[in-house]
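>>> with the input below, show me the fold.
(one chain, ligands or ions: 1)
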Amino acid sequence: MMNSWQNRWRDSTKGRWTKYFFGDVNAKRLRGIFHLNQLFAGHGAFKAHQARLLDKDKCFCGKAVGAILHTIKECKLWESQRKLWLHGWTDMKLKTLLKLQLVRNSVIQIVEKILTKGLDT
Ligand SMILES: [Zn+2]
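As a prediction, this is how the structure comes out:
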């Protein structure tokens, strides 16, 4: 069954963003943290995804499209979250950054705040 699942995952043209993080299937990942899953799935809280439905793709900062990379690595609104990240994080790929618990905790808080803000607008 795992081989079949892996083959379907490998051959599918869908879920490219998620494949970036998870090249191999793994039943242990079936449970997860809701806020991190928003990022791994590439949709949900992030404005760029919502724009497809609502035509409102600007980030809450108003300076860029609210894509995941902008939100997590660039947006001024979340600068305080990134201050504690280790030196050199700007050169690290998102996939690598997300292996760090401190970054994962920041992403959870960012997504939580985005969802709260999103509900307020
Ligand atoms: Zn922004």
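>>> how about stretch 96-111 and the ion, touching?
No - applying C-beta under 5 Å from the ion, one finds stretch 96-111 out of contact with the ion, separated by at least 10.5 Å. Bear in mind the C-beta positions are built from the backbone N, C-alpha and C, glycine included.
>>> make 23 the first number, not 1, from now on.
Got it, first residue is 23 now, which makes that one stretch 118-133.
>>> can you pull the buried residues of that stretch?
Residues 119-120, 125-126, 128-130, 132-133 are the ones in stretch 118-133 that count as buried (16 or more other C-beta atoms under 10 Å).
>>> between the residues you listed, which is closest to Lys85?
Ile132 (15.9 Å; C-beta to C-beta).
>>> residues in contact with the closest one?
By C-beta atoms under 8 Å, 6 or more residues apart in numbering, the contact set of Ile132 is 93-94, 100, 103.
>>> among those residues, which one has the most neighbours?
Thr93 (25 neighbours; other C-beta atoms under 10 Å).
>>> now do the SS call for it.
Secondary structure state of Thr93, per DSSP: H, G, I helix; E, B strand; the rest coil, is helix.
>>> that one and Lys80 touch, don't they?
No - judged on C-beta atoms under 8 Å, Thr93 makes no contact with Lys80 at a distance of 11.6 Å.
>>> and Tyr42, how far from Leu116?
8 Å (C-beta to C-beta, to the nearest Å).
>>> quick one: the helices in this structure?
24-33, 38-43, 56-62, 69-76, 90-91, 101-104, 116-119, 123-142 (DSSP state H).
>>> switch those over to TSV; also include mean pLDDT and distance to Gly84.
As requested, the helices of the chain are exported to TSV (pLDDT from 0 to 100; distance: least, C-beta to C-beta, whole Å):
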stretch	mean pLDDT	distance to Gly84
helix 24-33	86	37
helix 38-43	86	24
helix 56-62	83	21
helix 69-76	66	11
helix 90-91	90	17
helix 101-104	93	15
helix 116-119	93	23
helix 123-142	85	13
